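S.K.: Below are the sequence and a predicted model; questions follow.
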Amino acid sequence: EYMGTLVRSILCRTMLTLVFYAVVLAAATADDSYVVLSPSSFRAGVPLNVSVNILKTATPVQVDVAIVNKATKQNVVTSSGSFTKGQPGTVMLQVPDNVQSGSYQLHVAGSGVGISFTNQTDLTFESKTISIFIQTDKAMYKPGQTVNFRTFATFPNLAVYTGTFDIDIYSA
């Protein structure tokens, strides 16, 4: 079983490496090319980082990025940056804490001397707001032993939740 897991891990890494090289090769051979990478989902209160790399223009390119509510067509958050050839960078969108569930898109637009591009893609909103961590004092228990545990909860930005919460434990 260990060898099977190891082989799957090696195959997965190999496939990811091949895909990476294919993307870089395709981008490097295109005219006025650029690469923009972004997560496919976001959460309220957690920054969304969008990676930008300009590949084939000698002058700076202004890149504007926005998360747009598809229903209202309103920008939830916007940010921009200036990028030059061969110097990858990041545009950080500080997502507000009060974003509600809905349909969203990421809009990206870039312009400079000899290059202009726009693109958009759907974003998935993840409504998870609190993570609860449970730690026990042992990995396994025998029947009749006392289970000692501790819990704590954090928000997506890793701030500790200080309120109360109920824990229900059921025997399997």
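M.R.: Okay, I see it.

S.K.: Name the residues that touch stretch 110-127?
M.R.: The contact list for stretch 110-127, computed with CB atoms under 8 Å, 6 or more residues apart in numbering, reads 32, 34, 36, 38, 40-44, 52, 54, 56-57, 59-64, 67-68, 70, 83, 99, 101-109. From N, CA and C alone the C-beta is placed, and that goes for glycine too.

S.K.: Measure how far that stretch is from the centre of its chain, please.
M.R.: Its chain's C-alpha centre and that of stretch 110-127 lie 15 Å apart, by CA atoms, centre = their mean, to the nearest Å.

S.K.: Next: stretch 106-125.
M.R.: 17 Å.

S.K.: which of the residues in it are buried?
M.R.: Leu106, Val108, Gly110, Gly112, Ile115, Phe117, Leu123, Phe125 (16 or more other CB atoms under 10 Å).

S.K.: Please apply the same query to stretch 37-48.
M.R.: Buried, per 16+ other CB under 10 Å, within stretch 37-48: Ser38, Phe42, Arg43, Ala44, Gly45, Val46, Leu48.

S.K.: Please determine how far the fourth one is located from Val65.
M.R.: To Val65, Ala44 is 18 Å away according to CB to CB, to the nearest Å.

S.K.: Rounded mean pLDDT for stretch 61-78, please.
M.R.: The average pLDDT within stretch 61-78 is 95.

S.K.: Quick check: end-to-end length of it?
M.R.: One end of stretch 61-78 sits 17 Å from the other (CA to CA, to the nearest Å).

S.K.: Now tabulate the buried residues of stretch 37-48 in CSV and tack on pLDDT and secondary structure.
M.R.: Formatted as CSV, these follow (pLDDT from 0 to 100; DSSP: H, G, I helix; E, B strand; the rest coil):
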residue, pLDDT, secondary structure
Ser38, 93, coil
Phe42, 91, strand
Arg43, 87, strand
Ala44, 86, coil
Gly45, 84, coil
Val46, 85, coil
Leu48, 93, strand
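
S.K.: gap between Gln62 and Val95?
M.R.: Distance of Gln62 to Val95, computed by CB to CB: 22 Å.

S.K.: Same question for Asp166.
M.R.: Distance from Asp166 to Val95, counting by CB to CB: 29 Å.
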